[in-house]
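*Asks:* my questions concern the predicted model and sequence given below.
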Amino acid sequence: MSAVHTKSTVIKLGASNISQYCNASTYNRTADSHDLTTYGKDDHVFGGGLGNGTAQIGGVYDSTAVTGPRAVIEPLIGTTIVYTRQVEGTGSGKPQDVVNAVVTGYVETSPVADYVTWSADLQLSDAINSTVQA
């Protein structure tokens, strides 16, 4: 097994590389399941359906006015953007996932004895292009 450290992960929203502001990301792929059971069966029969997915990203808040997470993500809420995730970092032959995504939420959390953090939720839309980088 060849383990991969997450420090190299790259996250892009549209043309904005926000990796330097991220310290967590999740990428969830799912699919519908349809009950096709007919009379006379003792057990359910299921068929696969449409794919679906979500992504979450987050990190430590940065007040950088033009490139920080608030400046980049808040204007994107409710819009469809290109979401790129390069889990092993940038480089020839490394995997990447590129998909349209709707930015469905942005949250800032301000705990009393810690740093401000942020998170964003994305709803993946249409086919995911999972390829290796050229």
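*Replies:* In hand now; what should we look at?

*Asks:* where in this structure is pLDDT low?
*Replies:* By pLDDT under 70, the weakly predicted segments of the chain are 1.

*Asks:* quick one: the strands in it?
*Replies:* Listed in chain order, the strands found in the chain under DSSP state E are 10-13, 16-17, 24-35, 46-60, 80-86, 95-109, 117-132.

*Asks:* can you tell me which of those is most buried?
*Replies:* Relative to the other members of those, strand 10-13 carries the highest mean neighbour count by mean count of other Cβ atoms under 10 Å, namely a mean of 20. From N, CA and C alone the C-beta is placed, and that goes for glycine too.

*Asks:* what is that strand packed up against?
*Replies:* Counting contacts by 3 or more Cβ pairs under 8 Å, 6 or more residues apart in numbering; DSSP states H and E, strand 10-13 packs against strand 80-86.

*Asks:* could you check how far the strand it packs on is from the centre of its chain?
*Replies:* The gap between the average C-alpha position of strand 80-86 and the chain average comes to 7 Å, counting by Cα atoms, centre = their mean, to the nearest Å.

*Asks:* contacts for that strand?
*Replies:* If you take Cβ atoms under 8 Å, 6 or more residues apart in numbering as the criterion, strand 80-86 is touched by 9-14, 25, 27, 55, 94-103, 122, 124-125, 133.
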